[in-house]
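[1] Need coordinates for the below:
(one chain, ligands or ions: 1)
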Amino acid sequence: MTSKKAYAIGMGPFPDGIFRAQFPYYYRNPAGMPQEKACEYYLDSVKAVFEQCAPANTIAAIVVEPLQGEGGFIPAPIEWIKEIRKICDENGIMLIADEVQSGFCRTGRMFASQYWQEADVEPDIIATAKSIAAGVPLSAIIARDEVAEAVATGTIGGTYGGNALACAASLKTIEIMERDDLAGRSLEIGKKVVTRYTKMMEKYDCIGDIRGLGGMVGIEFVKDKVSKEPDAALTGAIISECVNNGLMVEGAGTYGNVIRFLAPLVMTDEQLEVGLDIFEKAIVVAMAKR
Ligand SMILES: Cc1ncc(COP(=O)(O)O)c(C=O)c1O
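    Below is the predicted model of the structure:
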């Protein structure tokens, strides 16, 4: 389903009936577009799918990442998701929050879609995995009873469904997340990271944007702040420089020019500062070699 086509090379065949609309990426609105028109522009992209690909009443679900992962750590704007929910309700479409990457305290809430509550929006289904069991392989679908029970008994299953070891790991992980308020810790970490990143952005012309929710923070590298031209080469050089100095960071973004901050929520403040120091030095070294 991913729109990241690099993953599709040499794979396939792929299922039919999946259509993609533009995700609201406010940093890269079309040139000259005033910000107050942006939400409408991205909603039009969803409506264009109904006109050009499949009528709304034939669509089963709209799948949204509350904070895009691979796409570059872009949070879904609250005014946009409110309208998406409206479109879903008007057309009998399910709203699915893909929280495989953003779920389980990463964004400062147990689920990033909990931020939608301020607009009275709830997803019908949440897809989860990754942090659910702290590294033990497990994924889960969360849905309201009427959705979950609409599936005929025995039609969803698999070799590893309900794996006892993975479920035990997950239950313990969730217990610790709640006991140690790792959602709160994610907010604290995020604040520290954004403070440091903001100072870096003031100093270095190659940092175009900083965004995120809680401890999931994206930093976007550009040739310069005015042109906003993505700088994937510099991003790759920063990642390599970090790795050479003992810090693993991961790239993301449609243009390969974003670095994700996605660190363990159990890290200490000292570990965080050491990591941020290595990161800043890597930017300086990579810029000097540019
Ligand atoms: C947001 C998101 N959804 C789905 C997936 C795929 O999950 P899985 O490997 O469990 O199929 C990923 C993997 O990185 C992801 O980041």
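
[2] list the contacts for residue 27?
    Applying CB atoms under 8 Å, 6 or more residues apart in numbering to residue 27 gives the contacts 74, 208-209, 211, 220, 228. (Glycine included, C-beta is placed from N, CA and C.)

[3] Name the nearest of those residues relative to the ligand.
    The ligand lies nearest to residue 74 out of the contacts of residue 27, by CB to the nearest ligand atom, at 11.9 Å.

[4] For the residue lying closest to the closest one once chain neighbours are set aside, the count of nearby residues, please.
    Closest residue to residue 74 apart from its sequence neighbours, by CB to CB, 6 or more residues apart in numbering: residue 68 at 4.5 Å. As a burial measure, residue 68 scores 25 neighbours (other CB atoms under 10 Å).

[5] What pLDDT does the model give residue 68?
    Note for residue 68: predicted pLDDT of 97.

[6] And for residue 262?
    Residue-level pLDDT assigned to residue 262 equals 92.

[7] That one contacts residue 216, doesn't it?
    Yes. Using CB atoms under 8 Å, residue 262 makes contact with residue 216 at a distance of 6.1 Å.

[8] Could you grab the helix/strand/coil label for residue 84?
    Three-state assignment for residue 84 (DSSP: H, G, I helix; E, B strand; the rest coil): helix.

[9] bridging residues for the closest residue to it other than its chain neighbours?
    Using CB to CB, 6+ apart and skipping the chain neighbours, the partner closest in space to residue 84 is residue 62 (6.2 Å). Following DSSP bridges, residue 62 is listed with bridge partners residue 95.

[10] What lies in contact with the helix or strand of the chain with the lowest mean pLDDT?
    Of all helical and strand segments in the chain, the minimum by mean pLDDT, DSSP states H and E falls on helix 145-148, at a mean of 93. Helix 145-148 is contacted by residues 94, 124-125, 141 when judged by CB under 8 Å, 6+ apart.

[11] which one of the contacts of residue 27 sits closest to residue 166?
    Closest to residue 166 out of these is residue 74 (30.1 Å), distances taken as CB to CB.

[12] how about the CA coordinates for the helix or strand that contains residue 219, as PDB?
    For residue 219, the element it lies in under DSSP states H and E is strand 216-221. Provided in PDB are the C-alpha atoms of strand 216-221 (Å, rounded to 0.1, in the frame of the first residue of the first chain):
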ATOM      1  CA  MET A 216       8.800  12.000  16.900                       C
ATOM      2  CA  VAL A 217      10.600  14.900  15.300                       C
ATOM      3  CA  GLY A 218      11.600  15.400  11.700                       C
ATOM      4  CA  ILE A 219      14.300  17.700  10.500                       C
ATOM      5  CA  GLU A 220      14.400  18.600   6.800                       C
ATOM      6  CA  PHE A 221      17.600  19.400   5.000                       C
END
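
[13] hmm, who's touching it?
    Outside strand 216-221, the residues that touch it by CB under 8 Å, 6+ apart are 27, 67, 72-74, 101-102, 106-107, 112, 186, 190, 193-194, 197, 206-212, 230-231, 234-235, 238, 252-253, 257-262.

[14] Report the buried members of those residues.
    67, 72-74, 101-102, 106-107, 112, 186, 190, 193-194, 197, 206-212, 230-231, 234-235, 238, 252-253, 257-262 (16 or more other CB atoms under 10 Å).

[15] any idea how far the residue nearest to residue 74 is from the ligand?
    Distance of residue 68 to the ligand, computed by CB to the nearest ligand atom, to the nearest Å: 8 Å.

[16] For residue 117, see how far away residue 111 is.
    10 Å (CB to CB, to the nearest Å).

[17] of the two, who's got more company?
    residue 111 (21 against 11).

[18] Next one, pLDDT for the more buried one please.
    For residue 111, the model assigns a pLDDT of 98.
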